[in-house]
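Student: Okay, sequence plus prediction incoming.
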Amino acid sequence: MNVLKYFLSEPFKKCSMCGKIWKTRDEFISDPEVIYLGYSADFENIENGIFLFNHDAEDCKTTLATRVDSFFDLYSGERWVKRMYGTNECAGYCLDKKSTAACPVKCECAFIRDVINKINKAREISHY
């Protein structure tokens with residue numbers, strides 16, 4: 001790894017309230033003070049959807065928004081290209097910010113449920 005690049009690159013996330021910096025996504029996900037809250041979909045542009053986290057540090061307690069495209073690489077399965085939101089086939093899972101159930105519909109947004117579960121699984125593993 002290029003050490004200079006590591007120190008000069010932008011951090012993955014910086015807390016807007018207390019200023020804490022997480023240099024990498026793994027560091028952010030594995031921090032026990034970072035609590036996953038939910039997902040807010042952007043049906044016009046899926047990359048602009050956001051995952052919400054609380055920074056549960058004693059001196060902070062702020063909510064952090066992180067664009068979902070920062071996590072796209074966690075999914076390696078098939079992605080559908082057609083958006084089914086608003087159709088009769090839509091199961092409405094994207095509207096439930098806290099749900100982690102897999103979406104059964106062949107929809108552009110369905111893979112997000114898998115990403116949410118991978119984030120939660122990584123958090124569980126890192127907290128042991």
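Tutor: Arrived safely, thanks for sending.
Student: Do a quick rundown of the strands in this protein.
Tutor: Listed in chain order, the strands of the chain (DSSP state E) span 13-14, 21-22, 34-40, 50-55, 62-67.
Student: what's the longest one packed up against?
Tutor: Contact analysis of strand 34-40 by 3 or more Cβ pairs under 8 Å, 6 or more residues apart in numbering; DSSP states H and E lists strand 50-55, strand 62-67, helix 111-126 as its packing neighbours. Glycine gets a C-beta too; all of them are placed from N, C-alpha and C.
Student: Quick check: the residue nearest to N117 when sequence neighbours are not counted vs M84, distance?
Tutor: The shortest distance from N117 to any non-neighbouring residue, by Cβ to Cβ, 6 or more residues apart in numbering, is to T100 (5.5 Å). The gap separating T100 from M84 is 19 Å, by Cβ to Cβ, to the nearest Å.
Student: the more surrounded of these two?
Tutor: More neighbours surround M84 than the other of T100 and M84, with 18 against 15 (other Cβ atoms under 10 Å).
Student: Ignoring the adjacent residues along the chain, who's closest to the more buried one?
Tutor: That would be C107: by Cβ to Cβ, 6+ apart, it lies 3.8 Å from M84.
Student: What pLDDT is listed against that neighbour?
Tutor: On pLDDT, C107 comes in at 93.
Student: contacting residues around it?
Tutor: 80, 82-85, 89-90 (Cβ atoms under 8 Å, 6 or more residues apart in numbering).
Student: residue contacts, the residue nearest the centre of the chain?
Tutor: The residue lying closest to the centre of the chain (Cα atoms, centre = their mean) is F51, at 4.2 Å. Contact analysis of F51 by Cβ under 8 Å, 6+ apart lists 36, 38-40, 65-68, 71, 116, 119.
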